[in-house]
Structure formats: structure tokens, C-alpha cells
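**Student:** how would this look folded up:
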Amino acid sequence: MSTDTQKHNLDLPNAFANLDPLIAFLNASREQAVEVDCSKVAVMPSRCLQLLLGAEQQWRSEGLGFSVTNITEGCRKSLTLLGLEPNRFEDEETA
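**Tutor:** From the prediction side, this is the model:
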């Protein structure tokens, strides 16, 4: 098991973008800390949010680091529309 944080640049230019790269990354990084960079996310589709929330819960239950970074304004708006706080992944109390 590696102690290095595995990083993935999430590229979602629209709500219909393919999530297969994110799924493959999460599957390949199951026993390592992960960081998902959202700097290229224009809109956060609900199916992507479901993946991230489920992964976050799984990683944390196993005592592994999980972070979502560089959250764009478009991503924050999507989080709000989906019923979450716009800083959901930045606030340790809600994470």
C-alpha cells in the first residue's frame, strides 16, 4: 500500500461528460489517499456528485485521505442546486 496521495484531474466541461476516467481512477486507488482536482469542472452532474460522496464516505471509513480541491464557481452552483453547501468538500465538519 502506497502512502502517496493519488491525484486525478476531473474534466467535466458539461453535465453529460463521461465519468469513466473518474470511476477507473477511484477503482485503481482503493487503498491510497486520493485528491480530485475540480479546476476543469464547469458543471457538477448529480451522478458525479453521487460518486464523490460515496467515495468520500468509503475512503474516510477506511481511514484514508480523500479531498476534492480547486472547486470552481460553476461547481459550487451545482452543489447548491443539488441541495448541498457550496463548500461541502472544504468543510471538515460536513465532509
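
**Student:** For the rest of this, base every contact and every neighbour count on C-alpha atoms.
**Tutor:** Will do.

**Student:** Put the alpha carbons of stretch 18-27 into CSV.
**Tutor:** Extracted in CSV, the C-alpha atoms of stretch 18-27 (Å, rounded to 0.1, in the frame of the first residue of the first chain):
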residue,chain,number,x,y,z
ASN,A,18,-18.0,10.9,-19.4
LEU,A,19,-17.3,9.7,-15.8
ASP,A,20,-15.4,6.6,-16.8
PRO,A,21,-12.0,8.2,-16.1
LEU,A,22,-13.1,9.1,-12.6
ILE,A,23,-14.5,5.6,-11.9
ALA,A,24,-11.3,4.0,-13.2
PHE,A,25,-9.2,6.3,-11.0
LEU,A,26,-11.2,5.5,-7.9
ASN,A,27,-11.1,1.8,-8.6
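
**Student:** what comes up buried for that stretch?
**Tutor:** 22, 25, 26 (16 or more other Cα atoms under 10 Å).

**Student:** show me what contacts the first one?
**Tutor:** Remark: with contacts taken as Cα atoms under 8 Å, 6 or more residues apart in numbering, residue 22 is in contact with 8, 10.

**Student:** did I read that right, it in a helix?
**Tutor:** Yes: residue state for residue 22 (DSSP: H, G, I helix; E, B strand; the rest coil) corresponds to a helix.

**Student:** The buried residues of stretch 18-27 into a markdown table, with extra columns for distance to residue 39 and pLDDT?
**Tutor:** Converted to a markdown table, the buried residues of stretch 18-27 look like this (distance: Cα to Cα, whole Å; pLDDT from 0 to 100):
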| residue | distance to residue 39 | pLDDT |
| --- | --- | --- |
| 22 | 14 | 96 |
| 25 | 17 | 98 |
| 26 | 18 | 97 |
